[in-house]
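Peer 1: Structure here, sequence nowhere to be found:
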(Lines give C-alpha, C1' and ligand atoms only; values in the text may rest on other atoms or scores of the structure.)
Protein backbone atom coordinates (compact mmCIF):
# COMPACT_ATOMS: atom_id res chain seq x y z
CA UNK A 1 0.00 0.00 0.00
CA UNK A 2 1.02 3.63 -0.31
CA UNK A 3 3.20 5.20 2.42
CA UNK A 4 0.88 7.13 4.77
CA UNK A 5 3.02 10.24 4.98
CA UNK A 6 4.72 10.41 1.57
CA UNK A 7 2.53 11.23 -1.44
CA UNK A 8 2.84 9.02 -4.53
CA UNK A 9 1.45 9.31 -8.02
CA UNK A 10 -1.31 6.84 -8.77
CA UNK A 11 -3.45 6.33 -11.85
CA UNK A 12 -7.22 6.38 -11.56
CA UNK A 13 -10.13 5.71 -13.88
CA UNK A 14 -12.66 8.44 -14.54
CA UNK A 15 -16.12 8.23 -16.02
CA UNK A 16 -15.97 8.35 -19.79
CA UNK A 17 -15.33 11.86 -21.14
CA UNK A 18 -15.07 13.29 -17.60
CA UNK A 19 -11.28 13.61 -17.36
CA UNK A 20 -11.14 17.44 -17.51
CA UNK A 21 -14.01 17.83 -15.04
CA UNK A 22 -12.36 15.40 -12.62
CA UNK A 23 -9.04 17.28 -12.93
CA UNK A 24 -10.82 20.54 -12.10
CA UNK A 25 -12.62 19.00 -9.11
CA UNK A 26 -9.44 17.37 -7.76
CA UNK A 27 -7.54 20.66 -8.06
CA UNK A 28 -10.35 22.58 -6.35
CA UNK A 29 -10.28 20.01 -3.51
CA UNK A 30 -6.55 20.64 -3.05
CA UNK A 31 -5.13 17.51 -4.67
CA UNK A 32 -2.17 17.52 -7.01
CA UNK A 33 -3.44 15.94 -10.23
CA UNK A 34 -2.14 15.61 -13.76
CA UNK A 35 -4.06 15.04 -16.96
CA UNK A 36 -1.84 14.75 -20.03
CA UNK A 37 -3.58 16.56 -22.90
CA UNK A 38 -2.67 16.43 -26.57
CA UNK A 39 -3.78 18.75 -29.36
CA UNK A 40 -5.54 16.90 -32.16
CA UNK A 41 -7.23 18.10 -35.31
CA UNK A 42 -10.89 17.07 -35.29
CA UNK A 43 -12.93 16.83 -38.48
CA UNK A 44 -16.63 17.62 -38.47
CA UNK A 45 -18.85 17.63 -41.53
CA UNK A 46 -18.61 21.43 -41.86
CA UNK A 47 -15.23 22.31 -40.30
CA UNK A 48 -11.95 21.29 -38.76
CA UNK A 49 -10.82 22.39 -35.33
CA UNK A 50 -7.81 21.86 -33.06
CA UNK A 51 -8.90 20.52 -29.66
CA UNK A 52 -7.08 19.33 -26.54
CA UNK A 53 -7.98 15.75 -25.69
CA UNK A 54 -6.76 13.46 -22.92
CA UNK A 55 -3.82 11.35 -24.05
CA UNK A 56 -5.10 8.38 -22.06
CA UNK A 57 -8.88 8.19 -22.24
CA UNK A 58 -10.58 7.79 -18.83
CA UNK A 59 -7.27 8.04 -16.92
CA UNK A 60 -5.98 10.73 -14.56
CA UNK A 61 -2.92 10.83 -12.33
CA UNK A 62 -3.22 11.92 -8.70
CA UNK A 63 -0.45 12.51 -6.15
CA UNK A 64 -1.84 11.31 -2.81
CA UNK A 65 -0.97 9.70 0.50
CA UNK A 66 -2.69 6.66 1.97
CA UNK A 67 -4.57 9.02 4.27
CA UNK A 68 -6.06 10.85 1.25
CA UNK A 69 -6.81 7.64 -0.64
CA UNK A 70 -10.50 7.27 0.23
CA UNK A 71 -11.31 10.99 0.35
CA UNK A 72 -10.08 11.48 -3.22
CA UNK A 73 -12.43 8.71 -4.41
CA UNK A 74 -15.35 10.87 -3.27
CA UNK A 75 -14.63 13.32 -6.11
CA UNK A 76 -17.55 13.09 -8.59
CA UNK A 77 -16.48 11.38 -11.80
CA UNK A 78 -13.55 9.50 -10.24
CA UNK A 79 -14.36 5.80 -10.52
CA UNK A 80 -11.49 3.80 -8.98
CA UNK A 81 -7.72 3.50 -8.73
CA UNK A 82 -5.63 1.25 -10.93
CA UNK A 83 -4.54 -1.87 -9.05
CA UNK A 84 -1.61 -4.19 -9.62
CA UNK A 85 -1.60 -7.52 -7.80
CA UNK A 86 -4.43 -6.38 -5.54
CA UNK A 87 -2.79 -3.12 -4.43
CA UNK A 88 -2.96 0.47 -5.65
CA UNK A 89 -0.04 0.78 -8.05
CA UNK A 90 2.18 3.78 -7.25
CA UNK A 91 3.81 5.34 -10.32
CA UNK A 92 7.41 6.54 -9.92
CA UNK A 93 7.82 10.33 -10.07
CA UNK A 94 10.28 10.06 -12.96
CA UNK A 95 7.65 8.39 -15.17
CA UNK A 96 5.23 11.28 -14.64
CA UNK A 97 8.10 13.73 -15.34
CA UNK A 98 8.91 11.93 -18.62
CA UNK A 99 5.25 12.10 -19.62
CA UNK A 100 5.19 15.83 -18.83
CA UNK A 101 8.36 16.35 -20.90
CA UNK A 102 6.85 14.55 -23.88
CA UNK A 103 3.71 16.69 -23.70
CA UNK A 104 5.80 19.87 -23.25
CA UNK A 105 7.97 18.98 -26.26
CA UNK A 106 4.76 18.63 -28.32
CA UNK A 107 5.94 15.30 -29.72
CA UNK A 108 3.50 13.18 -31.68
CA UNK A 109 2.16 10.65 -29.18
CA UNK A 110 -0.20 7.75 -29.57
CA UNK A 111 -1.15 5.12 -27.00
CA UNK A 112 -1.14 1.37 -27.17
CA UNK A 113 -2.26 -1.29 -24.71
CA UNK A 114 -0.41 -4.04 -26.60
CA UNK A 115 2.58 -5.66 -24.89
CA UNK A 116 6.00 -4.47 -26.07
CA UNK A 117 8.72 -6.76 -27.38
CA UNK A 118 12.18 -6.19 -25.90
CA UNK A 119 14.96 -5.00 -28.22
CA UNK A 120 18.14 -2.99 -28.44
CA UNK A 121 18.82 -0.41 -25.71
CA UNK A 122 19.01 3.23 -26.87
CA UNK A 123 19.48 6.64 -25.29
CA UNK A 124 17.93 9.95 -26.37
CA UNK A 125 20.76 12.42 -27.08
CA UNK A 126 18.98 15.67 -28.01
CA UNK A 127 16.38 17.99 -26.46
CA UNK A 128 14.81 18.01 -23.02
CA UNK A 129 14.51 14.23 -23.17
CA UNK A 130 18.30 13.83 -23.41
CA UNK A 131 19.53 11.02 -21.19
CA UNK A 132 16.38 8.92 -21.20
CA UNK A 133 16.94 5.35 -22.27
CA UNK A 134 14.83 2.71 -23.93
CA UNK A 135 14.53 -0.39 -26.05
CA UNK A 136 14.32 -0.52 -29.85
CA UNK A 137 11.38 -2.19 -31.58
CA UNK A 138 9.80 -1.66 -35.01
CA UNK A 139 6.21 -0.48 -35.56
CA UNK A 140 4.68 -0.09 -39.02
CA UNK A 141 8.08 0.76 -40.48
CA UNK A 142 8.35 3.96 -38.42
CA UNK A 143 10.82 4.69 -35.64
CA UNK A 144 9.20 5.81 -32.39
CA UNK A 145 10.25 6.12 -28.77
CA UNK A 146 7.92 4.27 -26.42
CA UNK A 147 7.56 5.07 -22.71
CA UNK A 148 5.96 2.24 -20.77
CA UNK A 149 4.05 3.57 -17.77
CA UNK A 150 4.11 0.64 -15.37
CA UNK A 151 0.89 -0.60 -13.82
CA UNK A 152 -1.57 1.23 -16.07
CA UNK A 153 -1.57 -1.25 -18.97
CA UNK A 154 -0.74 1.38 -21.59
CA UNK A 155 2.37 2.32 -23.50
CA UNK A 156 3.00 5.77 -24.92
CA UNK A 157 4.35 5.89 -28.47
CA UNK A 158 6.32 9.07 -29.17
CA UNK A 159 7.86 10.02 -32.51
CA UNK A 160 11.55 10.83 -32.16
CA UNK A 161 13.94 11.14 -35.14
CA UNK A 162 16.40 8.26 -35.45
CA UNK A 163 19.38 10.63 -35.27
CA UNK A 164 18.28 11.64 -31.74
CA UNK A 165 19.17 8.12 -30.57
CA UNK A 166 22.40 6.25 -29.94
CA UNK A 167 22.93 2.58 -29.05
CA UNK A 168 23.66 1.62 -25.45
CA UNK A 169 25.85 -1.39 -24.66
CA UNK A 170 24.39 -2.45 -21.30
CA UNK A 171 22.23 -0.40 -19.05
CA UNK A 172 18.96 -0.61 -17.20
CA UNK A 173 16.29 1.63 -18.77
CA UNK A 174 15.26 4.55 -16.54
CA UNK A 175 11.60 4.54 -17.55
CA UNK A 176 11.30 1.54 -19.83
CA UNK A 177 11.59 3.85 -22.82
CA UNK A 178 11.45 1.99 -26.12
CA UNK A 179 11.97 3.08 -29.69
CA UNK A 180 9.32 1.67 -32.00
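Peer 2: Great, that's in hand. The structure presented is a predicted model; accordingly, all values stated were derived computationally and were not measured. Numbers count the residues shown, from 1 in each chain.

Peer 1: drop to CA atoms for contacts and neighbour counts, all remaining ones
Peer 2: Will do.

Peer 1: Please name the residues that touch residue 54.
Peer 2: Counting by Cα atoms under 8 Å, 6 or more residues apart in numbering, residue 54 touches 19, 35, 36, 37, 38.

Peer 1: wait, the second one sits on residue 60?
Peer 2: If I follow you right, that is residue 35. Yes. Look at residue 35 against residue 60 with Cα atoms under 8 Å: they come within range, at 5.3 Å.

Peer 1: Common neighbours of the two, please.
Peer 2: What both residue 35 and residue 60 touch, as defined by Cα under 8 Å, 6+ apart, is the set 19, 23.

Peer 1: Which helix runs longest in the protein?
Peer 2: helix 93-104 (DSSP state H).

Peer 1: Out of the contacts of residue 54, list just those in helices.
Peer 2: Using DSSP H, the contacts of residue 54 in helices are residue 19.

Peer 1: mind giving me CSV with the contacts of residue 54 and columns for distance to residue 8 and neighbour count?
Peer 2: CSV is the format used below for the contacts of residue 54 (distance: Cα to Cα, whole Å; neighbours: other Cα atoms under 10 Å):
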residue, distance to residue 8, neighbour count
19, 20, 24
35, 15, 21
36, 17, 21
37, 21, 18
38, 24, 19
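
Peer 1: Hmm, which of the contacts of residue 54 is lowest in pLDDT?
Peer 2: Of all the contacts of residue 54, residue 38 carries the smallest pLDDT score, 89.

Peer 1: Now do the contacts for it.
Peer 2: With Cα under 8 Å, 6+ apart, residue 38 has these contacts: 52, 53, 54, 55, 103, 106, 109.

Peer 1: again, only this time at 6 Å
Peer 2: Applying Cα atoms under 6 Å, 6 or more residues apart in numbering, one finds that residue 38 lies in contact with 52, 53, 55.

Peer 1: Could you list which of those belong to helices?
Peer 2: Checked against DSSP H, the contacts of residue 38 include nothing in helices.

Peer 1: Mind giving me the ChimeraX select for those, buried ones only?
Peer 2: Paste this into ChimeraX to select the buried members of the contacts of residue 38, with burial taken from 16 or more other Cα atoms under 10 Å:
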select :53,55
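
Peer 1: any idea how far residue 111 is from residue 155?
Peer 2: 6 Å (Cα to Cα, to the nearest Å).

Peer 1: so which helix or strand takes in the residue of the chain positioned farthest from its centre?
Peer 2: Relative to the centre of the chain, and counting by Cα atoms, centre = their mean, the farthest-placed residue is residue 46 at 32.9 Å. According to DSSP states H and E, residue 46 maps onto no helix or strand at all.

Peer 1: Please consider this matter closed, and thank you.
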